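**Student:** Give the three-dimensional model of this entry:
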Amino acid sequence: MSLLRFIGLGEAREETATGDTATVRRIAAKLEHLDPETAKYLAAFAYVLARMAHADLEIDDAETQAMERAVRGLNSLSEAEATLVVEIAKSQARLLGGTENYVVTREFRRISTRDQRGALLQSLYAVAAADGTISSVESAEIVTIAEELGFTRAEANSLRSQYRDKLAEFQTK
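**Tutor:** Next up is the predicted model:
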């Protein structure tokens, strides 16, 4: 099952679990206490974080933990719930990233406020910096995402400057 269908964007949802992975079923069960719009928001937020983290083709443990903290803070999710949401987002970003990146980010923009998009942008930098270095690939992906979310390059760069010591191009080797 693609993340697009999980958050209600792709094909119409099937009434049965046919095609669902065990992970998707577990997440759906864990988040059933949330209203569908909140679950959709959390899934899109986590996916965009995973998109950025996977920009360098690797999502390390520090980035995963930072993603889990960011997702937990959104809706008072339990640690187990946040872990499940992040794991499905990481899996989808690895498998289908090229085809879903823009669509999911555009949907997040549609369903969120500017403040919520700003919180996501802040979280993107925090996740990228979690391993001690923001690679040039991660930095470029954040700028792309920021523009897709409706921020100017100057706004993204303003936030980027707060992480100057973590930017790979400014670190001494």
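
**Student:** Tell me if I'm right that residue 93 and residue 57 touch.
**Tutor:** No: using CB atoms under 8 Å, residue 93 is not in contact with residue 57, being 10.5 Å away. For the C-beta atoms, the positions are set from N, CA and C on the backbone; glycine is no exception.

**Student:** neighbour count winner among these two?
**Tutor:** Applying other CB atoms under 10 Å to residue 93 and residue 57 shows that residue 93 carries more neighbours, namely 25 against 8.

**Student:** check contacts around the more buried one.
**Tutor:** Residues counted as contacts of residue 93 (CB atoms under 8 Å, 6 or more residues apart in numbering) are 47, 50-51, 53-54, 59, 101.

**Student:** can you check residue 141 too?
**Tutor:** Per CB under 8 Å, 6+ apart, neighbours of residue 141: 51-52, 55.

**Student:** try residue 159
**Tutor:** Residue 159 neighbours (CB under 8 Å, 6+ apart): 121-122, 125.

**Student:** Does it belong to a helix, a strand or coil?
**Tutor:** Here residue 159 is recorded as helix under DSSP: H, G, I helix; E, B strand; the rest coil.

**Student:** Which residues are in contact with the closest residue to residue 129 other than its chain neighbours?
**Tutor:** Once flanking residues are discounted, residue 129 sits nearest to residue 166: 4.2 Å by CB to CB, 6 or more residues apart in numbering. The neighbours of residue 166, taking CB under 8 Å, 6+ apart as the test, are 128-129, 132-134.

**Student:** How far does stretch 131-147 sit from its chain's centre?
**Tutor:** The chain centre lies 13 Å from the centre of stretch 131-147; the measure is CA atoms, centre = their mean, to the nearest Å.

**Student:** With stretch 49-61 instead?
**Tutor:** Using CA atoms, centre = their mean, the offset of stretch 49-61 from its chain centre is 9 Å.

**Student:** pull the CA atoms of that stretch into PDB?
**Tutor:** Output of stretch 49-61 as PDB, limited to C-alpha atoms (Å, rounded to 0.1, in the frame of the first residue of the first chain):
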ATOM      1  CA  LEU A  49      10.800  14.300   7.400                       C
ATOM      2  CA  ALA A  50      11.700  10.900   6.000                       C
ATOM      3  CA  ARG A  51      12.000  12.300   2.500                       C
ATOM      4  CA  MET A  52      14.600  14.800   3.700                       C
ATOM      5  CA  ALA A  53      16.400  12.300   5.900                       C
ATOM      6  CA  HIS A  54      16.700   9.900   2.900                       C
ATOM      7  CA  ALA A  55      18.000  12.600   0.500                       C
ATOM      8  CA  ASP A  56      21.500  11.300   1.100                       C
ATOM      9  CA  LEU A  57      20.200   7.700   0.700                       C
ATOM     10  CA  GLU A  58      20.700   6.900   4.400                       C
ATOM     11  CA  ILE A  59      18.600   7.400   7.400                       C
ATOM     12  CA  ASP A  60      20.700   6.800  10.500                       C
ATOM     13  CA  ASP A  61      19.600   6.100  14.100                       C
END
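
**Student:** Nothing else from me, thank you.
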